[in-house]
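1. Give me a model of this one.
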Amino acid sequence: MISVQQAINLLNNNIPKSKKNQLSLLDAQNHILADDVVSTINMPPFRQSAMDGFALNIHDSLVYNLIGEIKAGDSHKMELKPGEAIKIFTGAAVPDSANAVIQVEKTSLNGNRLELNETINLNTNIRPIGEQIKTNEVALIKGTKLNAASIGFLAGLGITTVTVYKKPSIGILVTGNELVKPGNNLEYGKIYESNSIMLQAALIDSEVKKSTIYEVNDDFLNTKNSIKKALNENDILLISGGISVGDYDFVKGALNELQVETLFYKVNQKPGKPLLAGKFEDKLVFALPGNPAASLTCYYIYVKPILKKITGESENSSTIKKEITHNFIVNNTRSQFLKANFSDNNVSVLSHQQSSMLNTFALSNCLIHLPEGNYELKKGSKVDIYHI
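-> Numbers count the residues shown, from 1 in each chain. As a prediction, the model looks like this:
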């Protein structure tokens, strides 16, 4: 049995190599750029009016002769002599011979006679070519997470596809003769199966949407064949249940026969002691405890950080420090992960910490990590928390 930190270190030393994928802009939302994106155009690509008004070729008088108009999208070019003006609209191309744009409200117009209410400086209200970005400049750097704004920015540069880190496909294999799908009658001795949809929801929170459910009863050959199929079809496999030492826990034996390398089995923690992490070729396997709260705890502590690294997210510590709001006695030979709530700089431990219970988990927003030992935490003591 190894420590929590040893387990984390082993996983960090065995992270599969990130894969790249070319996606359309919309499909790339919430993905991380795997390469810099370089602009192939100037933005704006022409001198552009910043507002509705009149483009001028400035001269010494406040009176100008209006000779036409240019709307946004017009491609014709006009030549202005000193003292001439054209009506222009926001986003329209400013002629090379114009050197300022004045707002409509600062002028008066009588026929073709335009009179300015004030003097205007050169280049006022004209967006220069490449003001936002120039050709061959980096638009977004590798490691940028694509959101609505960045996707809109790239689309405005004429870009349609980007290279991103691929989101892994996840298999979720659920074991147990006692499990019944929600919506069916619950016979005596049976329980509703909740871990698969719980883990799918956790993956969606981690912005990994592609997951496949595999179900298997407590039978060695079926367990082995189902694991083999799931490994062939996915990048990462999460197994729920069947990893303990009972007569009908067949997962570890099946993994051994399939030659899945065990990175570690059993972690000195509560809940989640019977956790197994393994490696098969370039794929990771996590055999999670069957108890729901233990399974979800292991997901947040071990699986979620690995998913972030595989998908290109920057290296940030999984834990932060918060002050506990009450005294708390620790008397345990294993590290504890306690369901808790934090706000601002404070955190409070919740009740119902049993590994089979999700009701308190549903109300929590973090896990407190307390190392093993016999000690008392005083109110105001700082503890490590994991966001969930």
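2. so after the worst-scoring helix or strand of the chain on mean pLDDT, what's the next helix or strand?
-> Least confident helix or strand of the chain, by mean pLDDT, DSSP states H and E, is strand 179-180 with a mean of 88. Once strand 179-180 ends, the next helix or strand along the chain (criterion: DSSP states H and E) is strand 191-192.
3. neighbouring contacts of that next one?
-> Strand 191-192 is contacted from outside by 178-182, 186, using C-beta atoms under 8 Å, 6 or more residues apart in numbering. Bear in mind the C-beta positions are built from the backbone N, C-alpha and C, glycine included.
4. Report the backbone C-alpha coordinates of the next helix or strand after it in PDB.
-> Next along the chain after strand 191-192, taking DSSP H and E as the criterion, comes helix 195-205. The C-alpha trace of helix 195-205 is given here as PDB (Å, rounded to 0.1, in the frame of the first residue of the first chain):
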ATOM      1  CA  ASN A 195     -21.700   5.200 -10.700                       C
ATOM      2  CA  SER A 196     -21.700   5.200 -14.500                       C
ATOM      3  CA  ILE A 197     -23.900   8.300 -14.900                       C
ATOM      4  CA  MET A 198     -22.000   9.900 -12.000                       C
ATOM      5  CA  LEU A 199     -18.700   9.400 -13.700                       C
ATOM      6  CA  GLN A 200     -20.100  10.500 -17.100                       C
ATOM      7  CA  ALA A 201     -21.300  13.700 -15.400                       C
ATOM      8  CA  ALA A 202     -17.900  14.200 -13.800                       C
ATOM      9  CA  LEU A 203     -16.200  13.800 -17.200                       C
ATOM     10  CA  ILE A 204     -18.500  16.300 -18.800                       C
ATOM     11  CA  ASP A 205     -17.600  18.700 -15.900                       C
END
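5. And the helix or strand just after helix 195-205, what's buried?
-> The helix or strand immediately downstream of helix 195-205 is strand 211-216, counting by DSSP H and E. Neighbour counts over strand 211-216 (16 or more other C-beta atoms under 10 Å) mark 211, 214-216 as buried.
6. helix, strand or coil for K321?
-> Three-state call for K321 (DSSP: H, G, I helix; E, B strand; the rest coil): strand.
7. Give me the nearest residue to it, chain neighbours excluded.
-> Leaving out its chain neighbours, the residue that sits closest to K321 by C-beta to C-beta, 6 or more residues apart in numbering is K382, at 4.5 Å.
8. strands paired with the least confident helix or strand of the chain, and their directions?
-> Strand 179-180 has its sheet partners listed here by DSSP bridges as strand 191-192 (parallel).
9. Strands of the stretch 1-150 of the chain, start to end?
-> 20-24, 37-38, 48-49, 53-56, 63-70, 84-88, 100-103, 107-110, 113-116, 126-127, 138-140 (DSSP state E, counting those that start in this stretch).
10. Can you say which of the ones you listed is nearest to N234?
-> Nearest to N234 among these is strand 20-24 (15.7 Å), distances taken as C-beta to C-beta.
11. now that closest one, how far from the centre of its chain.
-> 16 Å (C-alpha atoms, centre = their mean, to the nearest Å).
12. follow-up on the earlier one: buried subset of the contacts of strand 191-192 as a ChimeraX selection?
-> To isolate in ChimeraX the members of those that are buried, counting by 16+ other C-beta under 10 Å, one can use:
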select :178,179
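13. Among the contacts of strand 191-192, which pair sits farthest apart?
-> Largest pairwise distance in the contacts of strand 191-192, by C-beta to C-beta, is 14.0 Å, between E178 and P182.
14. circling back: could you redo the strands of the stretch 1-150 of the chain as a markdown table and give each row distance to S240 and mean neighbour count?
-> Converted to a markdown table, the strands of the stretch 1-150 of the chain look like this (distance: least, C-beta to C-beta, whole Å; neighbours: other C-beta atoms under 10 Å):
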| stretch | distance to S240 | mean neighbour count |
| --- | --- | --- |
| strand 20-24 | 28 | 13 |
| strand 37-38 | 39 | 17 |
| strand 48-49 | 57 | 22 |
| strand 53-56 | 65 | 26 |
| strand 63-70 | 65 | 16 |
| strand 84-88 | 64 | 24 |
| strand 100-103 | 64 | 22 |
| strand 107-110 | 72 | 13 |
| strand 113-116 | 75 | 16 |
| strand 126-127 | 56 | 18 |
| strand 138-140 | 38 | 17 |
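15. Kindly reformat these as CSV containing mean pLDDT and distance to T163.
-> Formatted as CSV, those follow (pLDDT from 0 to 100; distance: least, C-beta to C-beta, whole Å):
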stretch, mean pLDDT, distance to T163
strand 20-24, 97, 5
strand 37-38, 98, 8
strand 48-49, 98, 30
strand 53-56, 98, 41
strand 63-70, 98, 38
strand 84-88, 98, 39
strand 100-103, 98, 39
strand 107-110, 97, 49
strand 113-116, 98, 51
strand 126-127, 98, 30
strand 138-140, 98, 11
